[in-house]
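**Q** The sequence and its predicted three-dimensional model are supplied below.
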Amino acid sequence: MQIYINEEFCKGCGFCVHFCPTKVLVMSNKLCPKGNFVAVVKDPDKCTACRLCELVCPDFAISIEADEKPTGILREEKQGENLQNSF
Ligand code: SF4
Ligand code: SF4
């Protein structure tokens, strides 16, 4: 699992920190070139790859590269398989 934060895109709104259910991210006191405090990864082992941070980031500054697909997608794929098999 890799969590990438593009510091040049981050405007320091803190949405990702607030919404991450497992508190993986924190705001840092590090300034990006545009003068914003940026979000950083504090506890990557707690990341469940739910991708909520990607969804709420208004500036597309976060991307998650999961080793495995999240359970929700697997479930959808299984339902799709079942539908295909029923025709
Ligand atoms: S993918 Fe989910 S658990 Fe991982 S950092 Fe983003 S919000 Fe937190
Ligand atoms: S939601 Fe995006 S812009 Fe806001 S602090 Fe997090 S990474 Fe930065």
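**A** Good, I have the coordinates. Ligands and ions are numbered 1, 2, ... in the order given.
**Q** Helices of the chain, start to end?
**A** Remark: helices assigned in the chain by DSSP state H are 15-19, 52-56, 71-86.
**Q** does ligand 1 sit close to the second one?
**A** Read that as helix 52-56. Yes. Counting by C-beta under 6 Å from any ligand atom, contacts between helix 52-56 and ligand 1 involve 52-53. C-betas here are computed from N, CA, C, even on glycine.
**Q** any chance you could map the strands in this protein?
**A** Here the chain has its strands, by DSSP state E, at 2-5, 25-31, 37-41, 62-65.
**Q** Deepest-packed of these, please.
**A** Of all those, strand 37-41 carries the top mean neighbour count, a mean of 19, counting by mean count of other C-beta atoms under 10 Å.
**Q** contacts for that strand?
**A** Strand 37-41 has contacts (C-beta atoms under 8 Å, 6 or more residues apart in numbering) with 3, 5, 7, 10, 12, 14, 16-17, 24-32, 61-62.
**Q** Show me what that strand pairs with in its sheet, parallel or antiparallel.
**A** Strand 37-41 pairs in its sheet with strand 25-31 (antiparallel), by DSSP bridges.
**Q** do you know which of the strands of the chain lies nearest residue 49?
**A** Nearest to residue 49, of all these, is strand 62-65, at 5.6 Å by C-beta to C-beta.
**Q** Would you mind naming what in this protein lies close to ligand 2?
**A** Counting by C-beta under 6 Å from any ligand atom, the residues of the chain near ligand 2 are 5, 10-16, 39, 56-57, 59, 61-62.
**Q** is it possible to export these to JSON lines including pLDDT and distance to residue 50?
**A** Below are the residues of the chain next to ligand 2 laid out as JSON lines (pLDDT from 0 to 100; distance: C-beta to C-beta, whole Å):
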{"residue": "5", "pLDDT": "97", "distance to residue 50": "16"}
{"residue": "10", "pLDDT": "96", "distance to residue 50": "19"}
{"residue": "11", "pLDDT": "94", "distance to residue 50": "22"}
{"residue": "12", "pLDDT": "95", "distance to residue 50": "22"}
{"residue": "13", "pLDDT": "96", "distance to residue 50": "19"}
{"residue": "14", "pLDDT": "97", "distance to residue 50": "18"}
{"residue": "15", "pLDDT": "98", "distance to residue 50": "14"}
{"residue": "16", "pLDDT": "98", "distance to residue 50": "12"}
{"residue": "39", "pLDDT": "97", "distance to residue 50": "16"}
{"residue": "56", "pLDDT": "98", "distance to residue 50": "11"}
{"residue": "57", "pLDDT": "98", "distance to residue 50": "13"}
{"residue": "59", "pLDDT": "96", "distance to residue 50": "19"}
{"residue": "61", "pLDDT": "97", "distance to residue 50": "17"}
{"residue": "62", "pLDDT": "97", "distance to residue 50": "12"}
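**Q** All set now, cheers.
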